[in-house]
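K.L.:
sequence? don't have it. structure:
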Ligand SMILES: [Zn+2]
């Protein structure tokens with residue numbers, strides 16, 4: 001069978017490798033669909049994302065190695081001893097890594113707070129292969145109502161939802177979503193189903209904002225024409241919004257907004273408003289403490305999706321209350337198309353893409 005092996009930054013090769021087998025507690029998945037996230041592509045290219053040093057160390061110690069690929073639709077083709085949550089033939093997606101089981105949080109029964117998680121596609125092989133092994137506790141089966149294409153986008157969706165659970169959206173809130181890439185479009189939809197009265201979508205491209213409206217945004221702001229802080233102040237009659245979900249920030253080298261949109265988010269929040277950063281800001285990014293202190297703002301960081309949230313995400317997609325397919329604009333056929341997918345996902349504006357390019361293997 002074929003798998004992409006990483007030899008170093010910007011050096012991935014498709015090779016013939018032995019078929020994997022399922023150890024106890026693991027399964028083997030046949031890959032039906034896969035996509036690479038923008039963060040993985042930044043890692044592949046050696047850009048200074050937070051995980052860069054860790055990736056550099058792994059490549060130095062273990063290359064050539066199967067690296068990257070945690071967004072997929074897999075079909076379970078072999079089940080190891082003791083696995084009960086999935087069975088042969090199930091279509092599955094990855095939701096979160098394996099908590100270490102030994103740190104003070106895991107010992108206290110709070111595995112969601114563990115920060116020593118074993119991550120699939122880094123600590124274990126990823127899905128850039130025809131078949132790959134994966135710990136069964138990191139995957140969930142999907143019902144027939146969810147397509148392969150949607151299944152492939154379930155991991156970023158549950159990741160977004162875990163963090164939004166930490167932020168908390170209350171009935172009647174005004175929620176501003178900065179950026180309408182796939183993360184932003186998921187945030188827009190979740191804010192709408194979670195009870196926000198106003199969902200304000202902010203982006204640079206009109207066609208994307210039209211999609212935001214279809215998916216639940218009550219207001220849209222095109223930042224190439226309108227100052228988003230002024231517009232939000234107008235919408236909230238000078239009070240400021242309750243919640244900012246910041247999905248535009250990140251490395252300017254990859255076309256993201258740096259910290260600019262996060263700083264705008266701080267400016268548009270009401271007193272004691274909540275903000276969370278969904279992008280990956282470059283290492284060493286600094287944000288001003290002034291507005292956080294003066295307005296008593298809450299800055300909420302990452303949180304693993306709980307089992308409750310994972311099941312909720314499956315229900316939302318199966319019932320079409322949250323839509324993944326409109327974010328998938330580019331679908332390629334065949335495992336050899338992975339480099340092309342990297343090219344498209346790494347430069348979405350050039351290719352007119354919204355979500356990552358998907359590669360279909362079956
Ligand atoms: Zn732990």
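P.N.:
Yep, that arrived. Computed from a predicted model, the values in this text were never measured in an experiment.
K.L.:
give me the low-pLDDT residue ranges for the stretch 201-350 of the chain?
P.N.:
Where the stretch 201-350 of the chain drops to pLDDT under 70, the residues are 254.
K.L.:
need the strands for it, in chain order.
P.N.:
Taking DSSP state E, counting those that start in this stretch, the strands of the stretch 201-350 of the chain run over residues 219-222, 241-246, 269-277, 298-300, 331-333.
K.L.:
separation between residue 361 and residue 78?
P.N.:
Computed as C-beta to C-beta, to the nearest Å, the residue 361 to residue 78 distance reads 17 Å. Every residue, glycine included, has its C-beta placed from N, CA and C.
K.L.:
show me what the nearest residue to residue 337 once chain neighbours are set aside is bridged to.
P.N.:
Nearest non-adjacent residue to residue 337, counting by C-beta to C-beta, 6 or more residues apart in numbering: residue 359, 5.2 Å away. Here residue 359 sits in beta bridges with residue 34, residue 332, as judged by DSSP bridges.
K.L.:
same check on residue 202?
P.N.:
In beta-bridge terms (that is, DSSP bridges), residue 202 pairs with residue 178, residue 221.
K.L.:
of residue 361 and residue 78, which one has the most company?
P.N.:
residue 361 (20 against 17; other C-beta atoms under 10 Å).
K.L.:
and that one, what does it touch?
P.N.:
Going by C-beta atoms under 8 Å, 6 or more residues apart in numbering, residue 361 touches 31-34, 130, 334-335.
K.L.:
how about a cut-off of 6 Å?
P.N.:
31, 335 (C-beta atoms under 6 Å, 6 or more residues apart in numbering).
K.L.:
can you check residue 256 too?
P.N.:
Neighbours of residue 256 in contact, by C-beta under 6 Å, 6+ apart: residue 250.
K.L.:
and stretch 101-114 with the ion, contact?
P.N.:
Yes: for stretch 101-114, a contact with the ion is found by C-beta under 5 Å from the ion, at 103, 106, 114.
K.L.:
if you rank those residues by neighbours, which is first?
P.N.:
residue 114 (20 neighbours).
K.L.:
show the pLDDT at that residue.
P.N.:
Looking at residue 114, its pLDDT is 89.
K.L.:
what is the neighbour count of residue 130?
P.N.:
16.
K.L.:
cool, and residue 18?
P.N.:
By the criterion of other C-beta under 10 Å, residue 18 has 7 neighbours.
K.L.:
now it: closest residue in space, sequence neighbours ignored.
P.N.:
residue 1 (7.9 Å).
K.L.:
could you list the domains of the protein?
P.N.:
Using automatic domain parsing, the domain parsing of the chain gives 2-153+328-360, 166-300.
K.L.:
check contacts around residue 13.
P.N.:
So residue 13 contacts residue 5 (C-beta under 6 Å, 6+ apart).
K.L.:
if we go to 7 Å?
P.N.:
4-5, 7 (C-beta atoms under 7 Å, 6 or more residues apart in numbering).
K.L.:
of the strands of the stretch 201-350 of the chain, which is nearest residue 99?
P.N.:
strand 298-300 (20.1 Å; C-beta to C-beta).
K.L.:
tell me which other helices or strands the closest one touches.
P.N.:
strand 269-277 (3 or more C-beta pairs under 7 Å, 6 or more residues apart in numbering; DSSP states H and E).
K.L.:
mind doing that once more with 8 Å?
P.N.:
For strand 298-300, the packing partners by 3 or more C-beta pairs under 8 Å, 6 or more residues apart in numbering; DSSP states H and E come out as helix 154-167, strand 269-277.
K.L.:
what angle do the first one and strand 241-246 make?
P.N.:
Just to be clear, that refers to helix 154-167. Relative orientation of helix 154-167 and strand 241-246, computed by axes from the mean of the first three to the mean of the last three C-alpha atoms, to 10 degrees: 150 degrees.
K.L.:
and for helix 154-167, what's in contact with it?
P.N.:
Counting by C-beta under 8 Å, 6+ apart, 37, 70-72, 93-96, 142, 146, 182-183, 186-187, 190-191, 194, 243, 245, 274, 276, 278, 300-306, 309-310, 312-314, 317, 322, 324 sit against helix 154-167.
K.L.:
which PyMOL command selects the buried ones in those?
P.N.:
Selecting only the buried entries of the contacts of helix 154-167 in PyMOL, with 16 or more other C-beta atoms under 10 Å as the criterion:
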select buried, resi 37+70+71+72+93+94+95+96+142+146+182+183+186+187+190+191+194+243+245+274+276+278+300+303+304+305+306+309+310+312+313+314+317+322+324
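K.L.:
quick one: which of the contacts of helix 154-167 sit in helices?
P.N.:
182-183, 186-187, 190-191, 309-310, 312-314, 317 (DSSP state H).
K.L.:
pick out the residue closest to the middle of the chain.
P.N.:
In the chain, the residue lying closest to the centroid (C-alpha atoms, centre = their mean) is residue 156, at 2.9 Å.
K.L.:
residue 298 - nearest residue in space that isn't next to it in sequence?
P.N.:
Using C-beta to C-beta, 6+ apart, the closest residue to residue 298 is residue 274 (4.5 Å).
K.L.:
cool, residue 145 as well?
P.N.:
Using C-beta to C-beta, 6+ apart, the nearest residue to residue 145 is residue 318, at 4.1 Å.
K.L.:
isn't residue 47 up against residue 253?
P.N.:
Yes: the pair residue 47 / residue 253 is scored as a contact, 6.0 Å apart, by C-beta atoms under 8 Å.
K.L.:
who has more neighbours, these two?
P.N.:
More neighbours surround residue 47 than the other of residue 47 and residue 253, with 18 against 12 (other C-beta under 10 Å).
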